[in-house]
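**Q** Structure, please.
(chains A, B, C and D)
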There are 2 protein chains.
Amino acid sequence: MAGRSALQKEKTVKLSDVARHAGVSPMTVSRVINGEANVRSSTKERVLESVAALNYKPNLSARALAGNRAYKVALLYGNPSAFYLSELLVGALEEISRHGHQLLVQKVSESASEEKVEDSLSSLIGEYDGVIVPPPLSDYASVRDFLLENDIPAVFLSGLSGSGRNRKICIDDYAAAKEITDYLIELGHERIGFIKGNPNQFSTGERLRGYKDALAAHGLAFDKKLIVRGLFTYDSGLKAARKLLAMAPRPTAIFASNDDMAAACLAVAASEGLKVPTNLSVVGFDDSPLASAVFPRLTTVKQPLAEMAAGAINSLLDLIGSAQVVGANQSELVKMKYKIVLGASTSAPPASS
Amino acid sequence: MAGRSALQKEKTVKLSDVARHAGVSPMTVSRVINGEANVRSSTKERVLESVAALNYKPNLSARALAGNRAYKVALLYGNPSAFYLSELLVGALEEISRHGHQLLVQKVSESASEEKVEDSLSSLIGEYDGVIVPPPLSDYASVRDFLLENDIPAVFLSGLSGSGRNRKICIDDYAAAKEITDYLIELGHERIGFIKGNPNQFSTGERLRGYKDALAAHGLAFDKKLIVRGLFTYDSGLKAARKLLAMAPRPTAIFASNDDMAAACLAVAASEGLKVPTNLSVVGFDDSPLASAVFPRLTTVKQPLAEMAAGAINSLLDLIGSAQVVGANQSELVKMKYKIVLGASTSAPPASS
DNA sequence: ATGAAAGCGCTAACAG
DNA sequence: CTGTTAGCGCTTTCAT
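**A** Below you'll find the predicted structure:
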């Protein structure tokens, strides 16, 4: 009564069925399905027709067992930024389903010590054909090294650079930060506060660099006091914003390294009776749902996360040598296009600037 | 050079290794591992020791192939509310890893017509041992029926009620809505606007019912005009809030059926120069990240999503007859405890109420 | 309560 | 370019 599988209906079509239908051996069918070279194109076509006619779907378990491959890819995640994760999921899921692989989300316990991370990483060995690594995991040298040592194909989203069987796909954080800072400067701002992100992440430095270079390019002095620490969290943004807004003279704009911290600036400004953008302009980074759910809507930078994830899947499958991934970008580093999103949180500074 | 699996190291320990180590037949080991009955407890112990000694991990592919089971559970999702999905993922992932199953996220294209949904559902047949269904998918009668007809074990998070091989796990939306409305009334509010959620979702009606009953319980008149349409989206909240705040006399409080719409109320209030909570109190529902990233922080209802997901996994595995799920709640409907989170978006109404 | 044999659906390794 | 033979690691079924 209990137990036993539940989901099945019509008897499954197998490789041998296709073989019989096409008048070839099972092995030939296997070759066609796996896109191997040595098959006469006429045979190939015939097989493909049979596959379609019978609506054959390979059995992943059998494939994995016989071929000693997993047909599985892991999407690692540590600090689960809901938005980031879900955007990646959308893109990755969509893409991977086209390649007959499975995507599993793997939580990697991100404890204080990097050693612990490695522990939880070791359970990946033998379980997956490859992994895709978003930040902040992609910023850990230990993660990169572990993957490299164990020859696990990986694609990093942002973070550390690829090498060996690794790839990296990201946006140009530096250019984006520079561009959005340029925008503030062109609006007339001269005292622009900057809230840094988590110091362990690569993008944090890039964004700061972009900010600095924008100032320099416009001949504005760089004031170290305008740079305050942040951790990409809302709470850290609260603290940073308070510090910035307590300065005299007050900055007329704040560049927060992500939207959460930018939202915190809005909250602090509101609580101090400052009108945004009239008295203070605020920009964020990411274009998370938060950016459009605060008042006023944030000016921010949008990363094409879903496309990045899809690209990561392609690179990974290519790296694995699996699937006939066609348009896969072979380069170790791929930079995607970002976009500045203009919100209502920015305007020219008050006249008495 | 190319191709081939990457992730493997030490030769894998298999069932037969354990059998040899324990001095029994492979079959006996299999029985022990699967928690079957007919094994002498002394033998069982010996086997378990060998399993531990050799650090044996069953090969899922082999298991699935031989046993004609999937050892996989799908987490369906349609409208990807980042927060909701990621909370569920956390809870479900954690729990399922303890049971040697896999959790796959399956996108179900939620097109206009329910028929289309069914199409995309049919690809689940034979692929999974069971599914967990969050809203809004759990509100579709067609989804429920499809699952029932195909005898696919399923656990619904909120939405429709379970029956047959289905279960439902949720919070008491009615009670939560009533309680938070009570809170507003006790604060002194008498004109409380209500923004409804998506009319297709079960919880929408429950929340409205809670609101109404709270009014009735306090002897307050129910004013139909104070009820406005919403869709659970930020934009729909914007529209609803504008409508509500244009009324004369203005409501002194708004109960939005979720946080996104509550955040929209905040934005509209701000743009109209109303101070929250001084001039207007606002409450939401969900305690999403948004709730604590807007100013002022929202008073809202927190659902234990991760625990609900973990519970769903347990129920599901129990339903499947898989794993020796111990504390699994067998009942068709499980209600979890919600919690009212007090934020800074609520206070007594202005004196001139 | 335990074991032996057979085979799940597929691919590796080797023919031809 | 195509086919044959094994066998992946496990569970089924049937003995004992």
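
**Q** mind checking which helix or strand of chain A has the lowest mean pLDDT?
**A** helix A:114-122 (a mean of 77; mean pLDDT, DSSP states H and E).

**Q** Next secondary structure after that one?
**A** strand A:130-133 (DSSP states H and E).

**Q** what packs against that next one?
**A** If contacts are counted by 3 or more Cβ pairs under 8 Å, 6 or more residues apart in numbering or on different chains; DSSP states H and E, strand A:130-133 sits against strand A:72-77, helix A:141-149, strand A:154-157, helix A:305-320. For glycine as for every other residue, the C-beta is placed from the backbone atoms N, C-alpha and C.

**Q** Report the distance from the shortest one to the chain centre.
**A** So the one you mean is strand A:154-157. Relative to its parent chain, strand A:154-157 has a centroid offset of 9 Å by Cα atoms, centre = their mean, to the nearest Å.

**Q** what do you get for the longest one?
**A** Here helix A:305-320 shows a centroid-to-chain-centroid distance of 10 Å under the convention Cα atoms, centre = their mean.

**Q** now do the second one
**A** Between the centre of helix A:141-149 and the centre of its chain there are 18 Å (Cα atoms, centre = their mean).

**Q** Keeping just the C-alphas, turn it into PDB.
**A** The C-alpha trace of helix A:141-149 is given here as PDB (Å, rounded to 0.1, in the frame of the first residue of the first chain):
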ATOM      1  CA  ALA A 141      40.300  32.300  -2.200                       C
ATOM      2  CA  SER A 142      39.800  29.100  -0.300                       C
ATOM      3  CA  VAL A 143      36.800  28.200  -2.400                       C
ATOM      4  CA  ARG A 144      38.600  29.000  -5.600                       C
ATOM      5  CA  ASP A 145      41.600  27.000  -4.500                       C
ATOM      6  CA  PHE A 146      39.500  24.000  -3.500                       C
ATOM      7  CA  LEU A 147      37.700  23.900  -6.700                       C
ATOM      8  CA  LEU A 148      41.000  24.200  -8.700                       C
ATOM      9  CA  GLU A 149      42.700  21.500  -6.700                       C
END
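
**Q** and that helix with strand A:72-77, angle?
**A** Here helix A:141-149 runs at an angle of 170 degrees relative to strand A:72-77 (axes from the mean of the first three to the mean of the last three Cα atoms, to 10 degrees).

**Q** returning to what we had before: out of the helices and strands packed on strand A:130-133, which one sits most buried?
**A** Counting by mean count of other Cβ atoms under 10 Å in any protein chain shown, strand A:154-157 has the highest mean neighbour count of the helices and strands packed on strand A:130-133, with a mean of 28.

**Q** which residues are in contact with the very next helix or strand once past that one?
**A** On the C-terminal side of strand A:154-157, the closest following helix or strand by DSSP H and E is strand A:166-171. With Cβ atoms under 8 Å, 6 or more residues apart in numbering or on different chains as the test, strand A:166-171 has contacts from A:138, A:144, A:147-148, A:153-162, A:203, A:301, A:303-304, A:308, A:311-312, A:315-316, A:319, A:331-338.

**Q** let's go with 6 Å and repeat that
**A** Residues from elsewhere that reach strand A:166-171 (Cβ atoms under 6 Å, 6 or more residues apart in numbering or on different chains): A:154-156, A:158, A:161-162, A:303, A:308, A:311-312, A:315, A:332-334, A:336, A:338.

**Q** For residue A:76, see how far away residue A:64 is.
**A** To residue A:76, residue A:64 is 20 Å away according to Cβ to Cβ, to the nearest Å.

**Q** how much space between residue A:191 and DNA strand D?
**A** Separation of residue A:191 from DNA strand D (Cβ to the nearest atom of the strand, to the nearest Å): 65 Å.

**Q** distance of that residue from residue A:249?
**A** 7 Å.

**Q** With neighbour numbers in mind, choose between those two.
**A** The neighbour comparison of residue A:191 against residue A:249 (other Cβ atoms under 10 Å in any protein chain shown) goes to residue A:191, with 19 against 8.

**Q** you'd agree that one is up against residue A:253?
**A** No - in this structure, residue A:191 is not within contact of residue A:253 by Cβ atoms under 6 Å, at 7.5 Å.

**Q** Tell me where chain A is predicted with low confidence.
**A** Applying pLDDT under 70 to chain A flags the ranges A:1-10, A:80, A:111-115, A:322-330, A:352-353.

**Q** Helices along that one, start to end?
**A** With DSSP state H, the ranges of helices along chain A come out as A:15-22, A:26-33, A:41-54, A:60-67, A:82-97, A:114-122, A:141-149, A:173-187, A:202-217, A:234-245, A:259-271, A:305-320.

**Q** Alpha carbons only: can I get the first one in CSV?
**A** Okay, so that is helix A:15-22. Taking C-alpha atoms only, helix A:15-22 is exported to CSV below (Å, rounded to 0.1, in the frame of the first residue of the first chain):
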residue,chain,number,x,y,z
LEU,A,15,17.0,3.7,-26.0
SER,A,16,16.5,0.2,-27.4
ASP,A,17,13.0,1.2,-28.5
VAL,A,18,14.4,4.0,-30.5
ALA,A,19,17.1,1.7,-31.9
ARG,A,20,14.6,-0.8,-33.1
HIS,A,21,12.4,1.9,-34.6
ALA,A,22,15.3,3.4,-36.4
